[in-house]
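Return a 3D structure for these sequence lines:
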Amino acid sequence: ELENIRTMIGGLQESLDTHRLALLILPRIEAQEKAESVVEAAQAALHEVLAEVPETVGEELVTAAEEELSHLTSVSGALNELEKREQTLGALRTAHQSDTDALHLSRKKLQETEAASSNLPADIAEARSALHEAEQVHAGLATATNSLNDASTQLLRLQELRELHARISTAKAAATLHLAEFRAAKEAHDRVTAAWVASTAANLALTLDTGHPCPVCGSLTHPAPAHKPDAFATYDDVEAAEAVHQDKESGLHESELALESLHATAAALEKETHGVSVEEAQEAVSQAEASVRVANEAELLVAATSAQIVTLEDRYRASTDELTSLREEIVSLESRLSERAKRIAEDEARLAAELNGFDTVSARLIAHRENVAAKKAEIEAIRAYLTARHTHEERVNELSDALAASSFTSSADVRAAVLPEERVKENEERIAQYARDTHDVERDLTSPDIAALTGEEIPQVDHAQAAYDSARERAESAQTASTTLSLVAEQVRQRSVRL
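Predicted coordinates:
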């Protein structure tokens, strides 16, 4: 039993040792496989950049590619200069087109300005003629004003004369009335005077008093005083009539004087107006006012026409200056366009020789840069392939050395020897258990009862056979489990490789 347990411990320990050795070799297998995949990827990349991949790829291929790249790089500077020249040519074409458009606009503007300014001299002449006429009309303002003043004065005199005639008629009527009043006052004065004379005795009788002497006869008695006559008047009545008579006479005299004055004034006015009627004077005033109004309007027209002439002359000068500027600009543009067209033709001729079948230098430069990039990619791909191949060879050699130093003959043997962690843990636990069992068996072998046996005693076959059978079953079960786990591990590995 002790030997059997030790055999099983040895088998389990050998399985664990093989597992640990396989774990040490497994990274080299994975590194070799990774290097192999890198080689395949580098080879695929190489096929992408090379139309035909040589059978042998070495450093001489890199050298040839680098020489081609050096040649392409040397051409890049010249192409860059050509591209700058082409860009300069494009700028020249743009400037040329811009100047062409500017020339077209300048010519169009010149025509428009010439058309607009062609009528300005005639307009200025017409305005000056109108100004001259207006100034002549305005020059008659003083004469028209004097005529208006004379006509207005004459009309005023005629109106005064008309008023004088009205006043003369009124004065005549007043004089006639005053004459009638004077005659009536004179007649009344004569009557009162006659009555007073006739009433002298009666007036004296009124002054008589008894005991006073009579102013006529001196008698102190007055037995038969005179009686009042029918036409009785006193001296007061005479004085009153005299006052009225004198007043009427004075009024008559004043009326006659006023009438004479009015006649004299009217005669003077009639002489001054020369027999012109009021209607004729009014017509003359209207005509004079119209002349003054026309002259005043002519003054406004003179100011407006003068301002118009200034504006037209300013416009004419501005148009002349603008025409001069436009003509100079057109000459400058035509000269510049001629020089630039010549330069453009020369540059186009130079660039045409460098196009090499391309439409533009920029297109050729783009293709050239693509060639340079492709050549760089080709060099990088060759170097990557050579590096990957060298690394793969190193990994293969390392794996071969590791397999030669171990008991494995192939990578498959190494992978088959790798145990799952559960199996490793189980084997370690079983080894520990077997170690404990061994300790118990060794202890039993050292007991006095068993140690005294000579071996010639009848063995307990049944018990030994049962122990042997049990140990064999456990060993077969362990072997089956190990084989099953190895198959599962191989399947997992193959699936991982496919993924």
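
Name the helix or strand for the residue most central in space within the chain, please.
Centroid-nearest residue in the chain: Ser98, 25.2 Å away (criterion: CA atoms, centre = their mean). Take DSSP states H and E as the rule and Ser98 turns out to sit in helix 59-118.

next helix or strand past the helix ranked longest in the chain?
Secondary structure assigned by DSSP state H gives helix 278-352 as the longest helix of the chain. With elements assigned by DSSP H and E, the helix or strand that comes after helix 278-352 is helix 361-404.

Give me the mean pLDDT for that next one.
What helix 361-404 shows for mean pLDDT is 86.

re the thing from before, got a pLDDT number for the residue nearest to the centre of the chain?
Looking at Ser98, the pLDDT reads 94.

what's the answer for Arg317, then?
pLDDT, Arg317: 91.

From Glu86, how far out is it?
Using CB to CB, to the nearest Å, one obtains 48 Å as the distance from Arg317 to Glu86. For glycine as for every other residue, the C-beta is placed from the backbone atoms N, C-alpha and C.

same deal with Val216?
Distance, Val216 to Glu86, by CB to CB: 167 Å.

of the two, who's got more company?
The neighbour count for Val216 versus Glu86, taken as other CB atoms under 10 Å, is higher for Glu86 (23 against 11).

one step back: any idea of the angle the helix or strand following the helix holding Ser98 forms with helix 278-352?
Counting by DSSP H and E, the next helix or strand C-terminal to helix 59-118 is helix 120-139. The directions of helix 120-139 and helix 278-352 differ by 160 degrees, with axes from the mean of the first three to the mean of the last three CA atoms, to 10 degrees as the criterion.

after helix 120-139 comes which helix or strand?
helix 141-198.

tell me the mean pLDDT for that next one?
Mean per-residue pLDDT for helix 141-198: 84.

Number the residues from 42 up from this point.
In the new numbering, first residue 42, that becomes helix 182-239.

Show me what that helix is packed against.
Packing partners of helix 182-239 (3 or more CB pairs under 8 Å, 6 or more residues apart in numbering; DSSP states H and E): helix 276-314, helix 319-393.

now it: how far from the chain's centre is it?
In this view, helix 182-239 has its centroid 90 Å away from the chain centroid, taken as CA atoms, centre = their mean, to the nearest Å.

Stretch 159-175 now?
That offset, for stretch 159-175, works out to 45 Å (CA atoms, centre = their mean).

repeat for stretch 444-451
85 Å.

do the same with stretch 402-422
A distance of 46 Å separates the centroid of the chain from that of stretch 402-422, by CA atoms, centre = their mean.

Quick check: buried residues in that stretch?
Neighbour-count burial for stretch 402-422 flags Val402, Arg405, Leu406, His409, Val413, Lys416, Lys417, Glu419, Ile420, Ala422 (criterion: 16 or more other CB atoms under 10 Å).

do stretch 443-454 as well
Neighbour counts over stretch 443-454 (16+ other CB under 10 Å) mark Ala443, Leu444, Ser447, Phe449, Ser452 as buried.

go on, stretch 457-464?
Of the residues in stretch 457-464, Ala457, Ala458, Val459, Leu460, Arg464 count as buried by neighbour count, 16+ other CB under 10 Å.

now swap in stretch 336-351 and tell me
Neighbour-count burial for stretch 336-351, counted by 16+ other CB under 10 Å, picks out Ala336, Ala339, Leu342, Val343, Thr346, Gln349, Ile350.

before we move on, the earlier item: what about the residue nearest to the centre of the chain, distance to Glu81?
From Ser139 to Glu81 the distance is 60 Å (CB to CB).

now do Gly131
Using CB to CB, one gets 48 Å for the distance from Gly131 to Glu81.

How about Glu174?
Going from Glu174 to Glu81 by CB to CB gives 110 Å.

can you check Leu130 too?
If you measure Leu130 against Glu81 using CB to CB, the figure is 50 Å.

More neighbours: which of these two?
Neighbours per residue (other CB under 10 Å) separate Leu130 from Glu81, with Leu130 holding more: 19 against 12.

Quick check: the more buried one touching Glu387?
No: applying CB atoms under 8 Å as the test, Leu130 and Glu387 come out as separate, 9.8 Å apart.

got a list of what the closest residue to Glu201 other than its chain neighbours touches?
Distances taken as CB to CB, 6 or more residues apart in numbering place Leu310 nearest to Glu201, at 6.2 Å, with adjacent residues excluded. Taking CB atoms under 8 Å, 6 or more residues apart in numbering, we find Leu310 in contact with Arg198, Leu199, Glu201, Leu202, Leu205.

is it true that the fourth one touches Val317?
No: under the criterion of CB under 8 Å, Leu202 is not in contact with Val317, lying 10.1 Å apart.

Quick check on these two: which one has the bigger neighbour count.
Each of Leu202 and Val317 has its neighbours counted (other CB under 10 Å); Leu202 has more, 20 against 17.

what's the spacing between the nearest residue to the more buried one once chain neighbours are set aside and His304?
Nearest residue to Leu202 in three dimensions, chain neighbours excluded: Leu310, at 4.3 Å (CB to CB, 6+ apart). Computed as CB to CB, the Leu310 to His304 distance reads 11 Å.

How many residues are close by Ile216?
You called it Ile, but residue 216 is Ala. With other CB under 10 Å as criterion, Ala216 counts 22.

Hmm, I typed the wrong one, I wanted His315.
His315 has 7 nearby residues by other CB under 10 Å.

now it: how far from Ala322?
11 Å.

Likewise for Asp191?
Remark: distance between Asp191 and Ala322 (CB to CB) = 10 Å.

Ok, Ala132 next?
Ala132 sits 89 Å away from Ala322, going by CB to CB.

okay, these two: which has more neighbours?
Of the pair Ala132 and Ala322, Ala322 is the one with more neighbours under other CB under 10 Å, namely 21 against 10.

Quick one, grab the pLDDT at the more buried one.
75.

Glu201 is in contact with that one, correct?
No: judged on CB under 8 Å, Ala322 makes no contact with Glu201 at a distance of 11.5 Å.

Hmm, Val343 and Glu176 touching each other?
Yes: using CB under 8 Å, Glu176 is in contact with Val343, at 5.6 Å.

Chain neighbours aside, what residue packs nearest to Ala212?
Closest residue to Ala212 apart from its sequence neighbours, by CB to CB, 6+ apart: Leu300 at 4.4 Å.

And the helices and strands packed on helix 182-239: which comes nearest Ile46?
helix 319-393 (96.4 Å; CB to CB).

which of the buried residues of stretch 336-351 lies closest to Ser379?
Of these, the one sitting nearest to Ser379 (CB to CB) turns out to be Ile350, at 42.9 Å.

Next up, phi/psi of Leu396, please.
phi -80, psi -30 (degrees, to the nearest 10).

and the gap between it and His137?
21 Å.

pLDDT weak spots in the stretch 42-191 of the chain?
The stretch 42-191 of the chain contains residues with pLDDT under 70 at 42-43, 92-97.

mind redoing it with 90?
42-71, 73-74, 76-77, 80-131, 133-134, 154-161, 172-191 (pLDDT under 90).
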